[in-house]
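Novice: with the sequence up front, the predicted model follows.
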Amino acid sequence: MMVILLFILLLSFFHVTMIDYLYNNPTYYQLDAYTWETDDFRSMQLGELITDSPSIDYDVLTSLMVEHSYDLTKVKDLTCHTDRLMTAKPEEYRKLKQAYEMVLKDLRYFPVPDNLNPDSPPVTYENGWLDKRTYGGERGHEGCDIMGAEMPRGYYPVISITDGIIEKSGWLEKGGWRIGIRAPGGSYLYYAHLYGYSRQWQEGDVVKAGELLGFMGDTGYSAVEGTTGNFDVHLHVGIYITTDHSEELSLNPYWLLRYLEHYKLKYTY
Ligand SMILES: [Zn+2]
């Protein structure tokens, strides 16, 4: 009996010291100075744990991401160990937290307002990150499509998710009538396949979050300006950041849009 008790005691002692050792060992964490350039970071798997809350604690978000291998879609509680992480990898931790802040802090409104008219069908979207696309060569889908296919092109208003400066507008073969906006924190928001613009946007124009940019459409997949009808009416939303090694690194907007469900403007249209 005593032997068994002693064995259990030794085992639990070993268990506790081992866990403690791991938590304090920098190599235990999947975190380095370039984590923000990895596919793990780019997929932005915030999960409902984060998106169900109308505000984000960046220490909790960063710690949870590191502790759950950058996928919070199945995580059920907010328990995390920020202090241990900051002790083990302070610089790397700060850099990753800054990256999450850069992406999320500028996001203000869902890009398609709700319609106060109750008969209007709501838009829908799914997590289609890196789904196969074939136009212009086989590639992964680097964005999220908000579908408005039940209504004609030009029906749904598209508003700016962030404050920012217009960097690009006009025709793009893949994107059709598109608009690109640089947010204050540095991320680049890309809205594609518009039916048309709310006005003649020029490079350098200042935009406020919630400002009308244009209308949802189905333009693109052609070198011929104004081509429509090559796919269903939808808004393609893209988010890009500039990192240490990449001028333009795409992120998955899906969970960011889920978070923005808390911030939908209400229009009548
Ligand atoms: Zn798309």
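Specialist: Thanks, I have the structure now.

Novice: and the nearest residue to residue 88 once chain neighbours are set aside, how far from residue 34?
Specialist: Counting by CB to CB, 6 or more residues apart in numbering, residue 88 lies nearest to residue 26, which is 4.7 Å off, once chain neighbours are set aside. Glycine gets a C-beta too; all of them are placed from N, C-alpha and C. Remark: distance between residue 26 and residue 34 (CB to CB, to the nearest Å) = 15 Å.

Novice: what does the stretch 51-200 of the chain have sitting close to the ion?
Specialist: Within reach of the ion by CB under 5 Å from the ion, the stretch 51-200 of the chain has these residues: 143, 145.

Novice: which residues in the stretch 51-200 of the chain form strands?
Specialist: Here the stretch 51-200 of the chain has its strands, by DSSP state E, counting those that start in this stretch, at 114-115, 124-125, 132-133, 139-140, 144-147, 157-159, 164-172, 176-182, 188-197.

Novice: okay, now residue 24: neighbour count?
Specialist: Using other CB atoms under 10 Å, residue 24 has 11 other residues around it.

Novice: how far off centre is stretch 36-53?
Specialist: Distance of stretch 36-53 from the chain centroid (CA atoms, centre = their mean, to the nearest Å) equals 7 Å.

Novice: which outside residues touch it?
Specialist: Contact with stretch 36-53 is made by 30, 35, 56, 61, 64-65, 69-78, 95-96, 99, 103, 129, 241, 243-246, 249-256, 258-259, 261, as judged by CB atoms under 8 Å, 6 or more residues apart in numbering.

Novice: could you pick out the buried ones from those residues?
Specialist: 35, 56, 61, 64-65, 70, 72, 75, 95-96, 99, 103, 129, 241, 249-256, 258-259 (16 or more other CB atoms under 10 Å).

Novice: now do stretch 129-143: distance to the chain's middle.
Specialist: The chain centre lies 17 Å from the centre of stretch 129-143; the measure is CA atoms, centre = their mean.

Novice: which residues touch residue 69?
Specialist: 30, 40.

Novice: give me the number of residues near the residue of the stretch 1-150 of the chain found nearest the ion?
Specialist: With CB to the ion as the measure, residue 145 is the residue of the stretch 1-150 of the chain nearest to the ion, at 4.2 Å. By the criterion of other CB under 10 Å, residue 145 has 23 neighbours.
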